[in-house]
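Novice: Mind folding the following:
(2 chains)
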Amino acid sequence: MSQFDVLFEPLKINNLTIRNRVVSTAHAEVYATDGGMTTDRYVKYYEEKAKGGCGLCICGGSSVVSIDSPQSWWSSVNLSTDRIIPHFQNLADAVHKHGGKIMIQITHMGRRSRWDGENWPNLMSPSGIREPVHRATCKVIEEEEIWRVIGDFAQAARRAKEGGLDGVELSAVHQHLIDQFWSPRVNKRTDKWGGTFENRMRFGMEVLKAVRAEVGRDFVVGMRITGDEFHPDGLNHDDMKQIAAYYDATGELDFFGVVGSGCDTHNTLANVIPNMSYPPEPFLHLAAGIKEVVSVPVIHAQNIKDPNQAKRIIEAGYVDFVGMTRAHIADPHIIAKIKNDQVDQIRQCVGANYCIDRQYQGLDVLCIQNAATSREYMGLPHIIEKTTGQVRKVVVIGGGPGGLEAARVAAERGHNVVLVEKADELGGQITLAAKAPQRDQIAGITRWLVMELERLGVDIRLGTEANEELVRELKPDVCVIATGGRPFIDQNPEWGAEEGLVVSSWDILSGKVEPGKNVLIYDTICEFSGLSAADYLAAKGSLVEIVTDDIKPGVGIGGTTFPTYYRSLYEKEVIMTSDFLLEKVYREGDSLVAVLENEYTGQREERVVDQVVVENGTRPNEELYYALKAESRNNGQIDNEALFDIKPQPVLSESGDGMILWRLGDCVSQRNVHAAMYDALRLCKDL
Amino acid sequence: MSFEWLHPLLIATALVLAVIGAVRRVNLWRAGKPDRINLIAGLMAMPGRYLHDLHDIVERDKYMSKTHAATGGGFVLSALLIILVHLLGFDNQILAWALLAALALMFVGALFVFKRRLHPPSRISKGPWMRLPKSLLAFAGAFFVLTLPAAGVLPDGSGGVLLTVILTALIIWGMGELFFGMTWGGPMKHAFAGALHLAFHRRQERFGGGRSTGLKPVDLTLAKEIGGVLGVAKPTDFKWNQLLGFDACVQCGKCEAMCPAFAAGQPLNPKKLIQDMVVGLAGGTDANYAGSPYPGKEVGNAKGGPDHIITDGLIDPETLWSCTTCRACVEECPMMIEHVDAIVDMRRYLTMERGKTPNKGAEVLDNIIATDNPNGYAPASRTNWAADQNLPLMRDVKQAEVLFWVSDGAFDMRSQRILRAFVKLLKAANVDFAVLGDEELDSGDVARRLGDDATFQSLAKRNLEVLSQYTFSKIVTTDPHAYHCLRNEYSDFGSDALDGVEVLHHTTFLNQLVQLGRLKLNNFSGAKVTYHDPCYLGRYNGEYEAPRELLRSMGIEIAEMERSGFRSRCCGGGGGAPITDIPGERRIADMRMEDASSTGAELVAVGCQQCTAMLEGVVEPRPEVKDIAEILMDQLVDPSAENSRQDRLAEEVH
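Specialist: Here you go, the predicted model:
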């Protein structure tokens, strides 16, 4: 008996039995290579979820059915050619052999794409209205093109079926072509494809009819819709209930997936994949509202990350299936861990949205904290096997994410691991990042790693500053230096760091320095740290101006996260100033004067404030590394060829005296959490 | 010696009194319910049973075996010869010498009894039993001297009055203990009742090396009779030969030493329970009981009589509900007494007549009645665990070589891993199997052990009805409790559904597959492994070897626990004990895990999901617990390369 039994009650979609109530819903993976084929990386990524027990995977978010809906920008799956069929067979086999089911989302993106590449198509939309998020202009779709696209949908569905997939999901969400026709916000047509409700519904209905006619009644055909576009001129919840009921009444749809929010503005886009600033399942009520009016199972995904939460949602009957997509990106074995009574060992998604923010830049989806995800094909493991070779003494210096991951992986391999951390708590820069308003959940990365280290019996020594003597005393076989960096606020002597005229964002977030009343933040990095410091100070009541020499504050932050910062910063009247350099800071009486210079005109401005915060990235803490380098067997060098190839470091199989020394993370150069953890995993997995 | 008439008179008196006592005692037993036993055949078979079946058990303790053979054998022989020589007056030197020899044998035996009683272990009763070796010595010694003249060693009339008086006193003492006491309730009662118990034992199948462990069904028509009682309320509700069996107890306490509930400090001591039954059948109190009490309960407060409700004053129901039905007591009992039958008989009354199944008991029974499974899951969810397993259903295929009886582990996430492992092994060996799916019901084990035989019988009949629709040659199950019900208890209901069907535990079946080469295994390279015998597999069904052979076939050298095989200690999970949950000082599972830990094992191999649940409930650090099917699965050589794509074995087990 388990409290999670309700999640493991199988449910049929059409005639297809889904073994549990957890779905990995469609997301753009950015893994389809060779012109949009589901090749090795793609297959292994989904196989891992099936292996981990996921009930249903709906793959291929925004997989295209037509050649004039570009696929290459996001390496999405291309169903416009029969060439895809054998690739689908590989994919279906890989998932089926683990008892999972797999479907694919199919769509025509309409105006929600880019025209300036691939086949250089004219993008099409019901009324030719520009899409702002992609800055995409488009033509008015013509009747002939409408019918051609409908036919493309049917052929795409056939290819999915012939490839052995279990079903297709028609995307009528996220402002793709079907819901572009639905929404009066962008459908201004006066012919039979626009205007009245029935006319606006016509395109989707014809797609459904054509698909159904092609694949027959037994093949699963579902539809993903929004529960509310959240635009005054768009479709609201009542409209969506009407639409859902209308399509459901045909009896031709087998399930609905429901997502809250439209997404053709930057601000609504952030709702679609709610980051850590959102409460749990913020739009469940919308999905539950749709479930009230339809007769087939309803799937809902949005910020459902925790087994208890999933169980509560299913138990209460709000929806029939919970989408736990990012939860699976963070830990594809989440279901297995629930079943094995290892809920404490689940690596929980923290909502950092590293995955989706990479996707919107056309980069492959990666997990900030799980470097094995989507790298299964390279041989990076989610479950780390114990070594059958020599058990080594591994000493890790530094308890940030890189050091913690190195210690975890080494301990999973069965080695004797000592972790030394200077501070009184583990987490490194994550601990600082979690101090900002709405960013506390980032600490979940540390929480899991620490719990794992405790489970694995790692010898953790807090409040211990390591020097070369300490390392020598510990007599490691392998020493991993992950000592991080320190704020680089002295790059320009004119800033006056030496004289104490400026402080770092770390000083602010750690609480080491009291917030000033009137603060200028100078941010050259334009990622989380600067906006977090601004948000933190503003929340404490400071008057804040954030100045950058870059094109806008926070420009380095991805599309689903900068909007939630902006909401908070504008609300608190933080002034955001672009294109200005901080030339110098000087004291004048009780005040500080910051001299700014316009990057493009050289024009100078001055700000009189009482605190200047500089966010200028970090410099590596590399003293210990250099102190130990000479006495190490490998002179501290990492063999990049082996590293990039996910092969064991050659030094591990060579005999020699002295320790093996590696350094990783920001103590080499400033990168990010993923980079540090990736290096830790690929170095230590073969220890 | 003068007064030559005295000793024959004394002997005759003692024998007459013994016969009167015997008649009275027999009448006490006859107050029980009738049971069909062939009395003559039983009596004829009795000496053989004594010399083989009972001796085999006693022989486990070589010291006691030899001691008892000398003492008991010497006594039986002496008694017969005393009648011939001293009562009937056969003046024959050979007889006299034979008697001397028999008495000498008895005397030597009695010396060893005496020696052991100098430092008696706590399990054996004291009181009158402490007197017994002296009585034996008095009897043997006195008659020895008395016989010397008859043997011509001493002249007739040797000795003076003083010697005569002393001898007479000793003979009265000796005969009082050995003849009179035998039928009037002294320690020697065991010889008289024990012999007859062997003759009229309720489970005649046990003799000749047989095994008889299935509970006897309650005649449910009794419920409709006026005055009819389901189960045992009063001593007279037992079958007469059960009452006789209680009287056979020698209070050696071997049951007490083995009882897991006693060791856990729960208020059960099987020896005391049997003695309380004796108090009940004869009437009186337990004031003279001189053994270990029920843990936490004082001796002297229990009283009863043949027509008194047992649980109103004689036995606290908690005592009955502490039992895990592990049969360790029965297995150990040199008198072959059936403690578990008696306990379940009394539970039947408490449950079916009084509705007093304690703690979660009533709820569990309600669940079983309403949903056909103890935890009240929706019956339709029985195959949820296998949603991704593509198991052939009997309903569809109608016949298969093997029917896989899934059991209620289907509802439990931990047990599902065992089931999935077993399925994977079946598939790997290309076994033609099918399951009943939602047509399967709980085997009824828990209901039966909790005393609800009506529900058990209902489940058994409905299961048999379903089974009768399909054709299969084997039933295999991973659940020893269901295995026991199907194999030993379903045969009482007049169904032919299982005729010619082999019922197997999965370890037995898997062992066959491995020995036939249908499953190929890699050698196990992990840490030290010990094996825990599930009670319902081992003691109930005698399967000790197959699980061990399976482990050995993976190259595992089993680190055996001190208590293993037929002496295995229960995990605490049987008999509904976790449901009735009678408090003690320790948990049985903790003790069992200590047994396992003390072998240095890091892995406990088991063959029962109930044992798995109990042992995994022990707080860490402790050895890991895995069903043998799970261990096998991990060592399985994946034959997928040779198989078609559909059959290959990538299925995870979680």
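Novice: How is chain B divided into domains?
Specialist: With domains defined by automatic domain parsing, chain B comprises B:6-200, B:237-353, B:372-654.
Novice: Need the distance between the two termini of stretch A:170-184.
Specialist: End-to-end distance for stretch A:170-184: 20 Å, by Cα to Cα, to the nearest Å.
Novice: my bad, stretch A:371-388
Specialist: 23 Å.
Novice: circling back to that earlier point, can I get the domains of chain B in TSV with mean pLDDT?
Specialist: Formatted as TSV, the domains of chain B follow (pLDDT from 0 to 100):
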stretch	mean pLDDT
domain B:6-200	92
domain B:237-353	97
domain B:372-654	94
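Novice: Ok, which of the ones you listed comes nearest residue A:142?
Specialist: Residue A:142 lies closest to domain B:372-654 among these, at 45.6 Å (Cβ to Cβ). For every residue, glycine as well, the C-beta is placed using N, CA and C.
Novice: Which one of the domains of chain B lies nearest to residue A:181?
Specialist: The closest of those to residue A:181 is domain B:372-654. By Cβ to Cβ, the value is 37.4 Å.
Novice: So for the residue of chain A found nearest chain B, what's the nearest residue that isn't a sequence neighbour?
Specialist: In chain A, the residue found nearest to chain B is residue A:99; the distance is 2.8 Å by Cβ to the nearest Cβ. Closest residue to residue A:99 apart from its sequence neighbours, by Cβ to Cβ, 6 or more residues apart in numbering or on different chains: residue B:388 at 2.8 Å.
Novice: before we move on, back to that, quick check: the residue of chain A closest to chain B touching residue A:19?
Specialist: Yes. In this structure residue A:99 lies within contact range of residue A:19 using Cβ atoms under 8 Å: 5.9 Å.
Novice: before we move on, the earlier item: the residue of chain A closest to chain B and residue B:625: what is the separation?
Specialist: Look at residue A:99 and residue B:625: by Cβ to Cβ, to the nearest Å, they are 25 Å apart.
Novice: And for residue B:82?
Specialist: With distances taken as Cβ to Cβ, residue B:82 is found 60 Å from residue B:625.
Novice: Which one's more surrounded, the two?
Specialist: More neighbours surround residue B:82 than the other of residue B:82 and residue B:625, with 27 against 23 (other Cβ atoms under 10 Å in any protein chain shown).
Novice: mind checking which helix or strand the more buried one is in?
Specialist: For residue B:82, the host element (DSSP states H and E) is helix B:62-82.
Novice: Alpha carbons only: can I get that helix in CSV?
Specialist: Below are the C-alpha coordinates for helix B:62-82, written out as CSV (Å, rounded to 0.1, in the frame of the first residue of the first chain):
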residue,chain,number,x,y,z
LYS,B,62,20.0,-36.7,22.0
TYR,B,63,20.5,-36.3,25.8
MET,B,64,16.8,-36.3,26.5
SER,B,65,16.1,-38.9,23.9
LYS,B,66,18.4,-41.4,25.6
THR,B,67,17.3,-40.4,29.1
HIS,B,68,13.7,-40.8,28.2
ALA,B,69,14.3,-44.1,26.4
ALA,B,70,16.0,-45.5,29.5
THR,B,71,13.5,-44.1,32.0
GLY,B,72,10.3,-44.6,30.1
GLY,B,73,11.3,-47.9,28.5
GLY,B,74,12.6,-49.1,31.9
PHE,B,75,9.4,-48.0,33.6
VAL,B,76,7.0,-49.6,31.1
LEU,B,77,8.9,-52.9,31.3
SER,B,78,9.2,-52.7,35.1
ALA,B,79,5.5,-52.0,35.4
LEU,B,80,4.5,-55.1,33.5
LEU,B,81,7.0,-57.3,35.3
ILE,B,82,6.0,-55.9,38.7
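Novice: Any regions of chain A where pLDDT drops low?
Specialist: Residue ranges of chain A with pLDDT under 70: A:1.
Novice: Quick one: name the residues of it near chain B.
Specialist: By the rule Cβ under 8 Å from any Cβ of the partner chain, the part of chain A lying against chain B is A:1-2, A:4-5, A:8-10, A:17-20, A:51-53, A:93, A:97-100, A:335-336, A:339-341.
Novice: Mind doing that once more with 7 Å?
Specialist: Residues of chain A lying near chain B by Cβ under 7 Å from any Cβ of the partner chain: A:1-2, A:8-10, A:17, A:19, A:51, A:53, A:93, A:97-99, A:336, A:339-341.
Novice: Which members of those residues are positioned in strands?
Specialist: Those of those mapping onto strands are residue A:17, per DSSP state E.
Novice: from the residues of chain A next to chain B, which would you call buried?
Specialist: The neighbour count (16 or more other Cβ atoms under 10 Å in any protein chain shown) marks A:2, A:8-10, A:19, A:51, A:53, A:93, A:97-99, A:336, A:339-340 as buried among the residues of chain A next to chain B.
Novice: Grab the two from these that are most spread out in space.
Specialist: Greatest spacing in those, by Cβ to Cβ: A:2 and A:93 (30.4 Å).
Novice: Now for residue 469, how many residues are close by?
Specialist: By default, I'm working from chain A. For residue A:469, using other Cβ under 10 Å, the count is 9.
Novice: wrong one, I was asking about chain B
Specialist: Using other Cβ under 10 Å: residue B:469 sits among 12 other residues.
Novice: So it versus residue B:441, what's the distance?
Specialist: Distance of residue B:469 to residue B:441, given as Cβ to Cβ: 14 Å.
Novice: domains of chain A?
Specialist: A:5-378, A:393-486+A:620-684, A:489-616.
Novice: between those domains, which gets nearest to residue B:100?
Specialist: domain A:5-378 (72.4 Å).
Novice: one step back: which one of the domains of chain B is the most hemmed in?
Specialist: With neighbours defined as mean count of other Cβ atoms under 10 Å in any protein chain shown, the domains of chain B peak in mean count at domain B:237-353, which reaches a mean of 23.
Novice: Quick check: the gap between residue A:68 and residue A:152.
Specialist: In this view, residue A:68 and residue A:152 are 9 Å apart by Cβ to Cβ.
Novice: Revised request: answer the last question for residue A:73.
Specialist: Counting by Cβ to Cβ - residue A:73 and residue A:152 are separated by 18 Å.
Novice: quick one: which of those two has more around it?
Specialist: Between residue A:73 and residue A:152, residue A:152 has the larger neighbour count (other Cβ under 10 Å), namely 22 against 18.
Novice: Secondary structure of that one: a helix, I assume?
Specialist: Yes. Assigned with DSSP: H, G, I helix; E, B strand; the rest coil, residue A:152 falls within a helix.
Novice: Not counting sequence-adjacent ones, nearest residue to residue A:303?
Specialist: residue A:274 (4.4 Å).
Novice: Now that neighbour: which helix or strand?
Specialist: Using DSSP H and E, residue A:274 sits in no helix or strand.
Novice: wait, it sits on residue A:282?
Specialist: Yes. Between residue A:274 and residue A:282 there is a contact at 5.5 Å, judged by Cβ atoms under 7 Å.
Novice: Check the contact lists of residue A:99 and residue A:19 and give me the overlap.
Specialist: residue B:388 (Cβ atoms under 7 Å, 6 or more residues apart in numbering or on different chains).
Novice: how about the helices of the stretch 1-150 of chain A, start to end?
Specialist: A:40-51, A:84-96, A:143-162 (DSSP state H, counting those that start in this stretch).
Novice: Which one of those helices lies nearest to residue A:536?
Specialist: The nearest among the helices of the stretch 1-150 of chain A, by Cβ to Cβ, is helix A:40-51 at 36.6 Å.
Novice: Show me what that closest one is packed against.
Specialist: On a contact count with 3 or more Cβ pairs under 7 Å, 6 or more residues apart in numbering or on different chains; DSSP states H and E, helix A:40-51 meets strand A:56-64, helix A:84-96.
Novice: now with 10 Å?
Specialist: The contact analysis (3 or more Cβ pairs under 10 Å, 6 or more residues apart in numbering or on different chains; DSSP states H and E) places helix A:40-51 against strand A:22-24, strand A:56-64, helix A:84-96, strand A:101-107, helix A:325-330, helix A:334-339.
Novice: Setting aside sequence neighbours, what's the nearest residue to the residue positioned nearest the centre of chain A?
Specialist: Nearest residue to the geometric centre of chain A (Cα atoms, centre = their mean): residue A:355, 2.2 Å. Spatial nearest neighbour of residue A:355, excluding adjacent residues (Cβ to Cβ, 6+ apart): residue A:365 at 4.6 Å.
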